[in-house]
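Asker: Turn this into a structure:
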Amino acid sequence: MNNKVDPILVKTVDVSLILYAEHDFNASTFNARVTASTLSDFYSCITSAIGTLRGPLHGGANEAAMQFLKQFKSKEQADEELNKIFGQKKLIMGFGHRVYKNGDPRNAIIKK
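Answerer: Below you'll find the predicted structure:
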């Protein structure tokens, strides 16, 4: 069994967690900070933040986005359906942000 972890995956999770933590003072950031204020260990702080993010009123958009994407069987089908949705000016759950009107600045960072 290979116990080596791909450094790209490690960096991706690290950057993702930093971006979540620095993204406004949301519920998961608040929860992680409350846990840290009790002098709990790092893993408990991150676990409590992820647990909060799991709630449908906070991180549910991420799960909704994944469910939305699973319906497409090919890139071509996704392109066709998305163009229809965009043409109707409908919102797509999990893409965009209620605070950012000109794009989420975290996108450029996570794409690297």
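Asker: Counting by contacts, list what the biggest helix by length in the chain packs against.
Answerer: When the chain is parsed with DSSP state H, its longest helix is helix 7-21. Under the contact criterion of 3 or more Cβ pairs under 8 Å, 6 or more residues apart in numbering; DSSP states H and E, helix 7-21 touches helix 27-37, helix 42-53, helix 106-111. Where you see a C-beta, it was placed from the backbone N, CA and C, and this is true even at glycine.
Asker: pLDDT averaged over the last one, what's the number?
Answerer: Over the span of helix 106-111, the pLDDT mean works out to 78.
Asker: Can you pull the poorly scored residue ranges out of the chain?
Answerer: 1, 21, 23, 62, 94-99 (pLDDT under 70).
Asker: ok, residues contacting the longest helix of the chain?
Answerer: Helix 7-21 has contacts (Cβ atoms under 8 Å, 6 or more residues apart in numbering) with 26, 28-29, 32, 46, 49, 53, 106, 109-110.
Asker: Looking at the helices and strands packed on helix 7-21, which is nearest to residue 63?
Answerer: Closest to residue 63 of those is helix 42-53 (Cβ to Cβ; 10.0 Å).
Asker: Please name every helix or strand in contact with the closest one.
Answerer: Other elements packing on helix 42-53 under the criterion 3+ Cβ pairs under 8 Å, 6+ apart are helix 7-21, helix 27-37.
Asker: For the longest one, list the C-alpha coordinates in PDB.
Answerer: As requested, the backbone C-alpha atoms of helix 7-21 are provided in PDB (Å, rounded to 0.1, in the frame of the first residue of the first chain):
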ATOM      1  CA  PRO A   7       1.400  17.100  -2.600                       C
ATOM      2  CA  ILE A   8      -1.000  18.800  -5.000                       C
ATOM      3  CA  LEU A   9      -3.900  17.300  -3.100                       C
ATOM      4  CA  VAL A  10      -2.400  18.500   0.200                       C
ATOM      5  CA  LYS A  11      -1.900  22.000  -1.200                       C
ATOM      6  CA  THR A  12      -5.500  22.000  -2.600                       C
ATOM      7  CA  VAL A  13      -7.100  21.100   0.700                       C
ATOM      8  CA  ASP A  14      -4.800  23.600   2.500                       C
ATOM      9  CA  VAL A  15      -5.700  26.500   0.200                       C
ATOM     10  CA  SER A  16      -9.400  25.600   0.200                       C
ATOM     11  CA  LEU A  17      -9.600  25.600   4.000                       C
ATOM     12  CA  ILE A  18      -7.700  28.900   4.100                       C
ATOM     13  CA  LEU A  19     -10.100  30.500   1.600                       C
ATOM     14  CA  TYR A  20     -13.100  29.200   3.600                       C
ATOM     15  CA  ALA A  21     -11.700  30.600   6.800                       C
END
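Asker: I am finished for the moment; much appreciated.
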